[in-house]
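Participant: Model the structure of this input:
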Amino acid sequence: MLRGVGQVLFCNSAATGGGLLFALSLADPLLALYASMGTAVAHAVSAGARLDSSARADGLASYNGCLVGCAFSVFLPMAGVGPMGVPLATAVGAAASPFVAAVLGPSMGRVPQWTLAFNAVALCALLHARPLVGATAPAPATAWELASAPLRGVSQIFVADSATCGAAVLAVVAATYSPACAGALLVGSATGSAVGALVGADSAEIAHGLWGFNPALTSLAVAVFFTPTRQSAALAVGGAAATAVAFGAAKAVCGSFAAPALTVPFCAVATMCYLLAGRMPGLALAAAPHSPERNRADADR
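Facilitator: The predicted structure follows:
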């Protein structure tokens, strides 16, 4: 189950998952609790339904449940859902996520599913609940808040708004899995924040990391799935910038329904980046992130 938490950031590591839960608790212990609950429910349902055992062992059956718990713990109370309704919705949504992932698998072909199952489950609830109805604009950002925006962008992957949490997430990933992955997260979040500033986004949105979390995931995905080259590094930054632009469009569309865009922009752009593998010089896929060869490489590193 801890690997499921780690797999939100493509980290096939129980140590990383445990560290990430600690990082979330720095922002909000309740957030960490719901992340744990969503992961546990998805894992248990996957086991009970006898879905892919190897995927379950690597946490791939439960990471969407982790994100469902994070999103519901933040957005459902904003929609007026009571304290009894949030855990019930989390349990139901997390239980549904492995089945949605199982259905999506064949349709994705060779492309990873990313967080599509999470988006499908969470948006079904949030488009109905409309948590952003009546949301007030935050106060203008201070210089420090803008400077710490990339860290908040990393924390917003888990729907946390905390520079401390973001710094802890980076430290956990660097210490328990890969410094390169931590660097990709930070670069992607900073790129998204910069693009937000260039297109004239509200400074408060940038400061709270809303323009950084989808680009951070895209940059990380390129770092994980592609062989490191100058071209893949350029793709990581360019993909992050494109994801920020896609976020601006998705935010406008979902905002018209008073719902967040979640990680839909990341899924769209990461898919396009993945499909570039082998089609351009210097862009080649690395060993599968969860193959024995990749696991041995991680152990050696």
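Participant: thought Ser97 was touching Ala42?
Facilitator: Yes - using C-beta atoms under 8 Å, Ser97 is in contact with Ala42, at 5.2 Å. Glycine gets a C-beta too; all of them are placed from N, C-alpha and C.
Participant: Neighbour count for the two, which is higher?
Facilitator: Ala42 (35 against 29; other C-beta atoms under 10 Å).
Participant: which ones are touching the more buried one?
Facilitator: Taking C-beta atoms under 8 Å, 6 or more residues apart in numbering as the criterion, Ala42 is in contact with Gly4, Ala61, Ser62, Tyr63, Asn64, Gly65, Cys66, Val68, Ala94, Ala95, Ser97, Pro98.
Participant: From Asn12, how far off is Phe226?
Facilitator: 17 Å (C-beta to C-beta, to the nearest Å).
Participant: Give me the more crowded residue out of those two.
Facilitator: Phe226 (22 against 19).
Participant: Got phi/psi on the more buried one?
Facilitator: For Phe226, the backbone dihedrals (degrees, to the nearest 10) come out as phi -110, psi 150.
Participant: Then the one 10 residues further on?
Facilitator: Here the main-chain torsion angles of Ala236 (degrees, to the nearest 10) amount to phi -60, psi -40.
Participant: That one contacts Ala223, correct?
Facilitator: Yes - if you go by C-beta under 8 Å, Ala236 and Ala223 touch, sitting 5.8 Å apart.
Participant: Identify the contacts common to those two.
Facilitator: Counting by C-beta under 8 Å, 6+ apart, the shared contacts of Ala236 and Ala223 are Ala184.
Participant: coming back round to it: now do the shared contacts for Ser97 and Ala42.
Facilitator: Shared contacts of Ser97 and Ala42, defined by C-beta under 8 Å, 6+ apart, are found at Ser62, Asn64, Gly65, Val68.
Participant: Switch those residues over to CSV; also include pLDDT.
Facilitator: Shown next, in CSV, are the shared contacts of Ser97 and Ala42 (pLDDT from 0 to 100):
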residue, pLDDT
Ser62, 97
Asn64, 98
Gly65, 98
Val68, 98
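Participant: if you look at the residues you listed, which of them are in helices?
Facilitator: Under the assignment DSSP state H, these contribute Asn64, Gly65, Val68 to helices.
Participant: so what's Val159 up against?
Facilitator: Residues in contact with Val159, defined by C-beta under 8 Å, 6+ apart, are Leu31, Cys70, Ala71, Ser73, Val74, Phe75.
Participant: Of these, grab the buried ones for PyMOL.
Facilitator: This is the PyMOL syntax for the buried subset of these, where burial follows 16 or more other C-beta atoms under 10 Å:
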select buried, resi 31+70+71+73+74+75
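Participant: need the contacts of Val159 in a markdown table with distance to Ser256, secondary structure and pLDDT, can you?
Facilitator: Below are the contacts of Val159 laid out as a markdown table (distance: C-beta to C-beta, whole Å; DSSP: H, G, I helix; E, B strand; the rest coil; pLDDT from 0 to 100):
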| residue | distance to Ser256 | secondary structure | pLDDT |
| --- | --- | --- | --- |
| Leu31 | 27 | helix | 98 |
| Cys70 | 24 | helix | 98 |
| Ala71 | 19 | helix | 98 |
| Ser73 | 24 | helix | 97 |
| Val74 | 20 | helix | 97 |
| Phe75 | 16 | helix | 97 |
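Participant: and the gap between the spatially most central residue of the chain and Ala91?
Facilitator: The geometric centre of the chain, computed from its C-alpha atoms, lies nearest to Ile157 (C-alpha atoms, centre = their mean), at 4.4 Å. If you measure Ile157 against Ala91 using C-beta to C-beta, the figure is 22 Å.
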